[in-house]
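> show me how the following folds:
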Amino acid sequence: MPLIILDRDGVINKDSDDFIKSPQEFVPLPGSLEAIARLNAAGYCVVVATNQSGIARGLFNLQTLDAMHHKLEKLLVTVGGHLDGIFYCPHAPDAGCDCRKPRPGLLQQIARKFKIELIDVPVIGDSLRDLQSAQAVSATPILVRTGKGERSLAQLATTPGLENVPVFKDLAMAADAVLTGKLND
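Numbers count the residues shown, from 1 in each chain. From the prediction side, this is the model:
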């Protein structure tokens, strides 16, 4: 079963510079849930990899994070979709952990869990750190313009190895490109 890894905030749901701190603030982006359902229907194992430093910052706790993810899973069921896993880094940016993107630890956890190499596995994100973590494990980085995507787009040309990353309007268009094999068209 092929695997695809998605960032959460800014890819699946609306992002905020003030953090998504509650299930009420967790609002799916148009078409994102349906895109996940299409990936599921095509046989993809869909996994989320997300930095959630709001926990370390004291903005919300693990129970609240679980409630946000439960909401996501319930909403996915309504459109015929599901997630095969949600992996998160709860640490602050200065914690020095290996799991906070752009470091590869979170993606390596996914590789161990699913017992696969991540070479050429699509990783869809809206930030440079999402793409850098994909690059670190030889996965295929894909940028969406939603969330922080527009800001990240300008950084691609000056980031070695990321100059030719495929860029799509949103998760729906990126998922369609993955499903049709047209990532670089």
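> drop to CA atoms for contacts and neighbour counts, all remaining ones
OK.
> flag the shaky bits of the protein, pLDDT-wise.
The model of the chain has pLDDT under 70 over residues 185.
> how far out from the middle of the chain is the lengthiest helix in it?
Ranked by residue count under DSSP state H, the longest helix found in the chain is helix 62-78. Chain-centre distance of helix 62-78: 15 Å, with Cα atoms, centre = their mean, to the nearest Å.
> stretch 90-109 now?
14 Å.
> how long is it end to end?
In stretch 90-109, first residue to last residue: 14 Å (Cα to Cα, to the nearest Å).
> so for it, what gets flagged as buried?
Neighbour-count burial for stretch 90-109 flags 90-92, 99-108 (criterion: 16 or more other Cα atoms under 10 Å).
> mind putting the residues you listed in JSON lines, secondary structure and distance to Ala37 included?
Below are those laid out as JSON lines (DSSP: H, G, I helix; E, B strand; the rest coil; distance: Cα to Cα, whole Å):
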{"residue": "Pro90", "secondary structure": "coil", "distance to Ala37": "27"}
{"residue": "His91", "secondary structure": "coil", "distance to Ala37": "30"}
{"residue": "Ala92", "secondary structure": "coil", "distance to Ala37": "32"}
{"residue": "Cys99", "secondary structure": "coil", "distance to Ala37": "27"}
{"residue": "Arg100", "secondary structure": "coil", "distance to Ala37": "27"}
{"residue": "Lys101", "secondary structure": "coil", "distance to Ala37": "25"}
{"residue": "Pro102", "secondary structure": "coil", "distance to Ala37": "27"}
{"residue": "Arg103", "secondary structure": "coil", "distance to Ala37": "28"}
{"residue": "Pro104", "secondary structure": "coil", "distance to Ala37": "27"}
{"residue": "Gly105", "secondary structure": "helix", "distance to Ala37": "27"}
{"residue": "Leu106", "secondary structure": "helix", "distance to Ala37": "23"}
{"residue": "Leu107", "secondary structure": "helix", "distance to Ala37": "22"}
{"residue": "Gln108", "secondary structure": "helix", "distance to Ala37": "25"}
